[in-house]
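Peer 1: predicted model and sequence follow; I will ask about them next.
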Amino acid sequence: MSHFVLVTVHLFAAIMFVGTVFFEVLILESIRKPVGRDAMRSVEAAIGYRARRVMSFVIAILYAAGITMAWQYRDMLAHPFDSRFATLLSIKIVLAISVLAHFITAVTLGGRGKLKSRHVKFIHISVFCHVVLIVFLAKAMFYL
């Protein structure tokens with residue numbers, strides 16, 4: 001697969017994932033009070049159902065493309081403090097692994113019926129912070 005196709009697929013998957021996180025944190029949370037508890041539960045259930053069906057596929061593509069792209073830098077990643085690029089890429093990879101751990105935690109807790117609203121809120125805010133840093137690092141790697 002060409003590097004252009006790989007980067008493009010990774011970028012589209014990232015847009016879908018990051019866009020969903022931004023929507024949930026910046027839009028959905030702000031309508032919680034005006035909409036009311038019962039309506040919000042219905043909205044969250046419907047969005048959650050759709051997100052689980054789509055996001056598993058999106059995340060698989062996102063991480064597969066990311067791993068494939070990182071593979072070309074494996075020699076640099078073996079010595080992450082030898083260059084600014086390798087350091088920033090290493091931090092980005094650690095953050096991406098953390099995001100995946102958050103996603104797996106949410107899916108696991110949800111599957112067991114133990115995913116409470118406080119968990120959802122914490123996970124959303126944490127993932128939001130992670131993806132903001134990942135997007136920043138994705139650009140900073142090539143400009144700093």
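Peer 2: That came through fine.

Peer 1: the bottom helix or strand of this protein by mean pLDDT?
Peer 2: Averaged element by element with mean pLDDT, DSSP states H and E, the chain has its least confident helix or strand at helix 32-35 (a mean of 86).

Peer 1: name the residues of the longest helix seen in the chain that are buried.
Peer 2: Ordering each helix of the chain by length in residues (DSSP state H) puts helix 37-71 first. Residues Met40, Glu44, Gly48, Met55, Val58, Ile59, Ile61, Leu62, Tyr63, Ala65, Gly66, Ala70 are the ones in helix 37-71 that count as buried (16 or more other CB atoms under 10 Å). For every residue, glycine as well, the C-beta is placed using N, CA and C.

Peer 1: please apply the same query to stretch 15-31.
Peer 2: Counting neighbours by 16+ other CB under 10 Å, stretch 15-31 gives Met16, Phe17, Val18, Thr20, Val21, Glu24, Val25, Leu28, Glu29 as buried.

Peer 1: how much space separates Tyr49 from Ser42?
Peer 2: Applying CB to CB, to the nearest Å, the value for Tyr49 to Ser42 is 11 Å.
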